[in-house]
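1. Predicted coordinates and the sequence they were generated for:
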Amino acid sequence: MTDAASILLVEDDAEIGDLISRYLGANQFDVSVVMDGVAMNAALARRRFDMVILDLNLPGEDGLSICRRLRAEKNLPIIIVTAQSDDVDKIIGLEMGADDYVAKPFNPRELLARIKSVLRRSNAADGASAGEKMQIYRFSGWIVNISAREAIAPSGTKVAMTGAEFDLLHALCEHPNRVLTRDQLISLTHGPTTGPFERSIDTLISRLRQKLEVDAKSPKLIQTVRSEGYMLSSQVNRS
């Protein structure tokens, strides 16, 4: 992560936007603030950003719709900002491809820590630079390229995945034929975080099965171990 990482903050509350902008600016981030999806589109057309911080409660196009659209169009880290009580929106946002969330009201230090964590993960994924060796997993005909964040089906087709889905697949590939509890999967994908992630794991597993399994209703690769967790049931080769 570079000290000059650029962040586009989409926040319609001018006071909160100014607070976040000044705090992150003091911590060596280049922050631009816009108030809705239209202004966000214009900003993204003008220049490149390293991350979007997205308030879900926006005028016009809502934050969840923007999150879904951004994930479909760009490989850009997204942190969503929600009200403390909106667990459903947090889960939906994560399922739509957000990399993390922060609940209002929040401590700016928490936001800074989450920004740094997400950027580290993103840079590690992007950074097959300067001769860095690619990290690749192979199992049951699948090829999972961690550096490129690509999943290739046995047919040779690249399968689109959200950031959360890919992180979960990565965690399963790292621990094949081993039962991982929901708490372990949360820790491996998001770090030691509380919140709606546990309930989201089951949904993400279901979505991964839709993409990996021949028959998602009778899964062979991602097995459920009752009262314990989930397991990738396949020999995995790593290179």
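-> Now that the structure is in, tell me what you want to look at.

2. wait, doesn't residue 59 sit right on residue 12?
-> Yes - assessed by C-beta atoms under 8 Å, residue 59 is found in contact with residue 12 at 5.8 Å. Placement of C-beta: from N, CA and C, glycine included.

3. tell me the domain ranges of this protein?
-> 6-126, 136-238 (automatic domain parsing).

4. Pull up the distance across the last one, start to finish.
-> Looking back up the chat, that one is domain 136-238. By C-alpha to C-alpha, to the nearest Å, the extent of domain 136-238 from end to end equals 6 Å.

5. can you check stretch 28-47 too?
-> End-to-end distance for stretch 28-47, by C-alpha to C-alpha: 19 Å.

6. With stretch 97-115 instead?
-> 16 Å.

7. show me the contacts for residue 24.
-> Residues near residue 24 by C-beta atoms under 8 Å, 6 or more residues apart in numbering: 7, 31, 108, 111-112, 115.

8. pretty sure it is in a helix, no?
-> Yes - the assignment for residue 24 is a helix, going by DSSP: H, G, I helix; E, B strand; the rest coil.

9. since we're on residue 11, how many residues are nearby?
-> When neighbours are defined as other C-beta atoms under 10 Å, residue 11 has 23 of them.

10. Spatially, which residue comes closest to it, not counting chain neighbours?
-> Spatially, and ignoring its direct neighbours in sequence, residue 11 is nearest to residue 17 (4.2 Å; C-beta to C-beta, 6 or more residues apart in numbering).

11. SS state for that neighbour?
-> Quick answer, by three-state DSSP: residue 17 is helix.

12. What of residue 187?
-> helix.

13. can you give me the helices in this structure?
-> Assigned by DSSP state H, the chain shows helices spanning 14-26, 37-46, 63-73, 87-95, 108-126, 163-174, 182-190, 197-212.

14. Quick one: mean pLDDT for the fourth one?
-> In this case it means helix 87-95. Confidence for helix 87-95, expressed as mean pLDDT, is 75.

15. Work out the gap between it and the centre of the chain.
-> 12 Å (C-alpha atoms, centre = their mean, to the nearest Å).

16. Repeat that for stretch 209-217.
-> So, by C-alpha atoms, centre = their mean, the centroid of stretch 209-217 is 21 Å from its chain's centroid.

17. Alpha carbons only: can I get that stretch in CSV?
-> Taking C-alpha atoms only, stretch 209-217 is exported to CSV below (Å, rounded to 0.1, in the frame of the first residue of the first chain):
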residue,chain,number,x,y,z
ARG,A,209,-21.7,-24.0,-4.8
GLN,A,210,-23.8,-22.6,-7.6
LYS,A,211,-20.6,-21.7,-9.4
LEU,A,212,-18.4,-24.7,-8.6
GLU,A,213,-20.7,-27.7,-8.3
VAL,A,214,-22.2,-29.8,-11.0
ASP,A,215,-25.3,-30.0,-8.9
ALA,A,216,-25.5,-27.4,-6.2
LYS,A,217,-28.3,-29.3,-4.4
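
18. shared neighbours, residue 59 and residue 12?
-> Common neighbours of residue 59 and residue 12 (criterion: C-beta under 8 Å, 6+ apart): 35-36.

19. And the two? Which one has more around it.
-> Each of residue 59 and residue 12 has its neighbours counted (other C-beta under 10 Å); residue 12 has more, 17 against 10.
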